[in-house]
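In: Fold the following and give me the result.
(chains A and B)
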Amino acid sequence: MEYNFRQIEQNWQAAWKKNNAYKVANNFSKPKCYVLDMFPYPSGAGLHVGHPLGYIASDIYSRFKRLKGFNVLHPMGYDAFGLPAEQYAIEHGIHPAVSTNNNIDNFRRQLDNIGFCYDWDREVRTCEPGYYKWTQWIFLQLFNSYYNRATQKAESIASLIKNFEEKGNAAHECPGDASVSFTAAEWENFSEKEQQDILMQYRLAYCGYGEVNWCEALGTVLANDEVVNGVSERGGHPVVKKKLRQWYLRITEYADRLLSGLQTIEFSEAMQEMQTNWIGKSYGAEIDFKIETPGEKLTTHHSPLTVYTTRPDTIFGVDFMVVAPEHALIEEIVSAEQKEAVEAYITYVKSRSDRERQAEKKISGCFTGAYAVNPFNERRIPIWISEYVLAGYGTGAIMGVPCGDERDHKFAKHFNITITNIIGEFYNGEDANPTKDAVLSNSGFLDGIPMRDAMNIVIDKLVEMGIGKRKVNYKMRDAAFSRQRYWGEPFPIVWKDGIAYPLDEKELPLRLPEVDSYSPGPEGEGPLANLTDWVSAPVPGKPGETGIRETNTMPGYAGSSWYFLRYMDPQNETEFCNRQISDYWNQVDLYIGGTEHAVGHLLYSRMWTKVLYDLGHIGFDEPYRKLVNQGMITGKSAFGKILWVREGAENLYETKDTGELIPVIVPLQFPQLATGLPILDRLPVELITIDSSGKYFLTKNDCTKISEKYLKFKGLRIASYEEAMNYVQPQLNLEIKREWFSDKIELDIVDEKMSKSKLNTFNPNDLVEKFGADTFRMYEMFLGPVEQSKPWDTKGIEGVHRFLKKLWRLFFEEEKGKIWNEEAPTAAELKVLHRAIKKIEDDTERFSFNTAVSAFMICVNELADLKCHKRAILEPVVVLLAPYAPHICEELWHGLGNNGFVLDAPYPVYDEKHTVESSKEYPVSINGKVRTNINIALDATQEQVQEIVLANELVQKWMEGKELKKFIFVKGKMINVVI
RNA sequence: GCCCCGGUGGUGGAAUUGGUAGACACGCAGGACUUAAAAUCCUGUUCGCCGCAACGCGAGUACGGGUUCAAUUCCCGUCUGGGGCACCA
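Out: The predicted structure follows:
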């Protein structure tokens, strides 16, 4: 009997399906384990071998936990709203729902091939009304809530209104505009519009105007993390700042809890750091400086200049101020002489896109003619404007301390501003030194005080003088939550006279209507704005009145911020998720996905969870207890030198014809011509020959295959020496050597991220077809640690396949068939088994799947050496292996005569008694170098060991009669003789 | 520029707490079986030196130092690869 993996895998996949083997019940009596993959965006390119890496890891862990008696929730779904489908719709006129569903079907076929244990009855698709009904519902929760800073949690807007009616807003500072202040009586007298405008400034989901990243080409606004180097992440279109009405999530109110929550969950160091940086909490002070303008003595009729600084201790080192060019105070303080220059500079800054402003390395700025006054020594400090200060961060104004800040130092040097040294020899006159360890000098009452101590002294003094306060700042901004796009969740909002009216829950879902065209609506609005009938809608709570619907849609991260909850109770039509059920499944125990979602998805989803928790809808406030980031699989891209020639051309160099061009490969040694030919271009790696030395070659046969599969390379062939000599050499006078040419041409290999466009992908289906799903699964794990990025190389897969065949031969022989028996196992066999149990159980538990695979190999190698065919040994091995290679294990499990699926077999229990040894072959070092091994009983005392070792012939030889200085004996490990 | 993580044979990688560096696998070389091939099995494979062989010597985990009886592991410096942030005050 041969290991016929195709038949075996097909049979058992069908049997599992027929018996609903992966159906997960909400069975509250069993201990639970929730294992989640980041659900994919179903792109048209399908899966390549890099995608399933995380899925396989989580699948193994799920199956392992199931064997250990847990009720394991391991679902899969699709993040189905998104730009590419809409882009495709614009280009091909196909409805995004249609192309998305096609892509999903394709994904599903690929996933099924690999034998995952997903409970597909729990599948979610974010684009389906049954799902986005609840995305809209959660949006309404956010809309109808505010963050109560006193209780540090989200509470209902209704309770806030009640508070306003009784006491005004004295107890609740307005997060949208801190200057808003009113009494209960004033509140009562506000119009509905005024009241609603104020409430909007409190809501967790709110509408506002703001500078957003506007991408003309996409006709949409992009989130910060969707803009890369000033261009859109998708498509690389230019992005500029534009003021637009946008929905936002008030995530900044959660900054502190998002930060402190990191301490309660297991995210990698790198991930925690990324989120911490993104939140960007800093401690410092806001300081008010009085302003003196020319001709006026120090007056109070100007508002003070308020700066934010993290280094109040350096206040005596302030040599200039810089305010953002957008700062409101500029107009008020600018002097007559400087007015023109300042206006010119502001015009200059405005003319520059955000991208240019950020990329600028040149120092620029303009003096306003006004001075601030240092409150401690009355020094007059010139106030400048410069583009390097951003209006949106802190107060939009900084105090320049050139001796302590590199950027300020460059600015001072550039404009010849005198630099005050307050840190003595820590400042060398050449470079700023941002130290906190110096003792202050030139600092008035702070002289002689270490900087770290001075910080608090200064702040206390400022507070006492009433001109400053302690201040915590965050880098993070509120998250833009609307897109001028079609393929997303519609907002359940109707506008009337500038007031946003939320739809009643009963009206959800607000379905996405059909449109004729996916192009943007008027004035930067989304495609929905074109549907006049749909846009016009009754105003909720105002019978008889008609308003207009919100035409923005929600961004991609809306649906993905809460999907882990929907899997728990996916068909519930009356709630987003039943509370009893979410109490049971609770947090995701293991979340696996790529690092690219570090700050986007993971932060938003953590915020939504906290809001739902605050409002009492769920019982936990962190969604993911443990996060594992799978590493990227890189692919080898193969580059060949290609000449594109005219069809039927006799002349290799003749390429001007715009007709059909045929690619001809020339040797790599072929000189790059002045005309830019031949062109170095990628060739599809999967169809290229790798020879035994690991070099990549293109053969005639490869050319045929590539030519057939890729339209671009139709007619591909290899240039001959004669062709090159006849047709290239005379025209271009190149040196061409015969030895470069052969019937196979070597290619250049570069490691890069795997992607279809780079032609370096491998389709998992092809490998499954050739070696089977079990081999594929184990090979992906064997490649290396899940979290590490690593190059893909198909060569090694044979080794894993051989392992499975070797395992098979412990049970069956080709001619004799079944060879396993019921004999009692020997001590040696039990030792092999139990060592494997311990190693594999530990490794699986700590996600070290690559070492677990090698432990399986060791175990099977040893059992083969022992010629062990005993059921008592083999059966536990089959169960151990089942999470990794479920199909072959199911076959062997039944082959051994078991009924029921191996999926629910009891996990083998490690018993130490089989692995204990009575003695050990100790490595014996002399002065740290291993010289010999001596077998010594494990229970021997230090004295006995020393006696045995020193008596050893070899040890004596090395000691050559020298004195023993020290005798190191680490029980069970090693011995070191120091002489 | 700042922050974080890494660098181990020809290749992927192992060494979980400072205790025999290179497990396991690929590749390669040689051999067995076979008419032959595939499949399978066996032997060798960090480098250098001596060699019939050795459980023989020396070097060796990017490089240079240090701590220790003992360092891939801890500390300092340099080089280098990857990721994150970037006029963030």
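In: buried residues in the host helix or strand of A:Val768?
Out: Assigned by DSSP states H and E, A:Val768 belongs to helix A:764-771. Residues A:Pro764, A:Asn765, A:Leu767, A:Val768, A:Phe771 are the ones in helix A:764-771 that count as buried (16 or more other CB atoms under 10 Å). Quick note: C-beta positions are derived from backbone N, CA and C, even for glycine.
In: who's in contact with the first one?
Out: In other words, A:Pro764. Applying CB atoms under 8 Å, 6 or more residues apart in numbering to A:Pro764 gives the contacts A:Leu47, A:His48, A:Val49, A:His51, A:Pro52, A:Gln110, A:Asn113, A:Ile114, A:Phe776.
In: can I assume the last one sits in a strand?
Out: Read that as A:Phe776. No - using DSSP: H, G, I helix; E, B strand; the rest coil, the assignment for A:Phe776 is helix, not a strand.
In: confidence score at it?
Out: Model confidence at A:Phe776, given as pLDDT, is 95.
In: Near it, how many other residues are there?
Out: As a burial measure, A:Phe776 scores 27 neighbours (other CB atoms under 10 Å).
In: Assess the claim that it and A:Leu767 are in contact.
Out: Yes - using CB atoms under 8 Å, A:Phe776 is in contact with A:Leu767, at 5.0 Å.
In: pLDDT score assigned to the closest residue to A:Val853 other than its chain neighbours?
Out: Residue nearest to A:Val853 in three dimensions, not counting chain neighbours: A:Phe782, with 4.4 Å by CB to CB, 6 or more residues apart in numbering. On the pLDDT scale, A:Phe782 is placed at 93.
In: Same check on the one 3 residues further on?
Out: A:Pro785 carries a pLDDT score of 91 in this model.
In: What of A:Val955?
Out: For A:Val955, pLDDT reads 83.
In: burial of it, as a residue count?
Out: A:Val955 has 19 nearby residues by other CB under 10 Å.
In: just the helices in the stretch 351-500 of chain A please.
Out: A:354-359, A:406-414, A:451-465 (DSSP state H, counting those that start in this stretch).
In: care to break chain A down by domain?
Out: Per automatic domain parsing, the domain ranges recorded for chain A read A:1-66+A:104-114+A:759-916, A:282-473, A:633-753, A:919-978.
In: Reformat these as CSV; add distance to RNA strand B.
Out: Shown next, in CSV, are the domains of chain A (distance: least, CB to the nearest atom of the strand, whole Å):
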stretch, distance to RNA strand B
domain A:1-66+A:104-114+A:759-916, 2
domain A:282-473, 3
domain A:633-753, 3
domain A:919-978, 3
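In: Now the common contact residues for A:Phe776 and A:Leu767.
Out: Contact criterion CB under 8 Å, 6+ apart; residues bridging A:Phe776 and A:Leu767 by contacting each: A:Ile797.
In: Tell me how many other residues surround A:Asn377.
Out: 12.
In: again, but for the one 5 residues further on
Out: Per other CB under 10 Å, the neighbour tally for A:Pro382 reads 17.
In: just to revisit the earlier point, make a markdown table out of the helices of the stretch 351-500 of chain A and add mean pLDDT.
Out: Formatted as a markdown table, the helices of the stretch 351-500 of chain A follow (pLDDT from 0 to 100):
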| stretch | mean pLDDT |
| --- | --- |
| helix A:354-359 | 55 |
| helix A:406-414 | 84 |
| helix A:451-465 | 89 |
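In: would TSV of those helices with mean neighbour count be doable?
Out: TSV is the format used below for the helices of the stretch 351-500 of chain A (neighbours: other CB atoms under 10 Å):
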stretch	mean neighbour count
helix A:354-359	15
helix A:406-414	18
helix A:451-465	17
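In: for these, which one sits closest to A:Trp562?
Out: helix A:354-359 (31.8 Å; CB to CB).
In: picking up where we left off before, of the contacts of A:Pro764, which belong to helices?
Out: Per DSSP state H, helices hold the following members of the contacts of A:Pro764: A:Pro52, A:Gln110, A:Asn113, A:Phe776.
In: Can you add distance to A:Val970 and give these back as a markdown table?
Out: As requested, the ones in helices among the contacts of A:Pro764 are arranged in a markdown table below (distance: CB to CB, whole Å):
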| residue | distance to A:Val970 |
| --- | --- |
| A:Pro52 | 43 |
| A:Gln110 | 51 |
| A:Asn113 | 50 |
| A:Phe776 | 43 |
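In: May I ask which two of those are separated the most?
Out: A:Gln110 and A:Phe776, at 11.5 Å, using CB to CB across the ones in helices among the contacts of A:Pro764.
In: Comparing the domains of chain A by mean pLDDT, which bottoms out?
Out: domain A:633-753 (a mean of 76).
In: Show me what A:Lys790 is bridged to.
Out: On the basis of DSSP bridges, A:Lys790 is bridged to A:Ile633.
In: What about A:Pro42, how many residues nearby?
Out: 27.
In: same question, the one 10 residues further on
Out: Residue neighbour count, defined by other CB under 10 Å, stands at 23 for A:Pro52.
In: my guess is it meets A:Gly115, correct?
Out: No - contact criterion CB under 8 Å: A:Pro52 and A:Gly115 do not qualify, at 10.6 Å.
In: Could you measure from A:Ala185 over to A:Glu166?
Out: Here A:Ala185 is placed at a distance of 11 Å from A:Glu166 (CB to CB, to the nearest Å).
In: And A:Ser536, by the same measure?
Out: 38 Å.
In: if we take the contacts of A:Pro764, which one ends up nearest to A:Ala724?
Out: Nearest member of those to A:Ala724, counting by CB to CB, is A:His48, at 35.8 Å.
In: Not counting sequence-adjacent ones, nearest residue to the closest one?
Out: A:Thr761 (3.7 Å).
In: and what of A:Asp59?
Out: Here the residue nearest A:Asp59, using CB to CB, 6+ apart, is A:Phe116, at 5.0 Å.
In: Which strand or helix spans that neighbour?
Out: Going by DSSP H and E, A:Phe116 is not in any helix or strand.
In: do you know how far it is from RNA strand B?
Out: Distance, A:Phe116 to RNA strand B, using CB to the nearest atom of the strand, to the nearest Å: 23 Å.
In: Can you give me the neighbour number for that residue?
Out: 22.
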